[in-house]
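Q: build the 3D model from these lines:
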Amino acid sequence: MSTAIAFDTYAYVRKLRDAGVDEAQAAIQAEALVALVEDRLATKQDMAALKRDLADVDANLRKDLAMVEANLKRDIKELDTKMETRFKELELRMVIKTGAMIIGGIGLLFGLMRAWPLPVQYVPPAAQEMRLPTPPPAPAK
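A: Coordinates of the predicted model:
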């Protein structure tokens, strides 16, 4: 503790002596009480110093929390960017695999068509009309 507490030991010893306590015992009790009070009780200056120390601790904690918050925001942004990239890659893979499945299906279909061709039905061509040749022009009279 920084400063001593004002305690009137003479008045305390006198009160004990007036109450019937031996003066030597009263003096020893006064010294013990002063030591106890000085060791255990805080003064206004002690409280002011404690408030300053707590204010410093609070300021440091706030600074540290702000730094942690900034780091967390940065990390979250990085994770978000990575997740977007991964989702785009996954989407591209799905498109490629879906396209490959479609092309494979078409190839399978063509293979089946070659293995088991559809029956071809002969359709005769449409009948042609028979036309007579145009008569020669008549001689002029």
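Q: tell me the contacts of L50?
A: A42 (C-beta atoms under 8 Å, 6 or more residues apart in numbering). Bear in mind the C-beta positions are built from the backbone N, C-alpha and C, glycine included.
Q: in which helix or strand does it reside?
A: helix 44-115 (DSSP states H and E).
Q: and that helix, how far out from the chain middle?
A: 7 Å (C-alpha atoms, centre = their mean, to the nearest Å).
Q: pLDDT on that helix, on average?
A: Helix 44-115 shows a mean pLDDT of 94.
Q: okay, now the domains of this structure?
A: Domain segmentation of the chain under automatic domain parsing yields 1-41, 43-116.
Q: can you tell me which of these is most buried?
A: Ranked by mean neighbour count, the domains of the chain are led by domain 1-41 with a mean of 12 (mean count of other C-beta atoms under 10 Å).
Q: of the domains of the chain, which approaches P137 most closely?
A: Among the domains of the chain, the nearest to P137 by C-beta to C-beta is domain 43-116 (58.2 Å).
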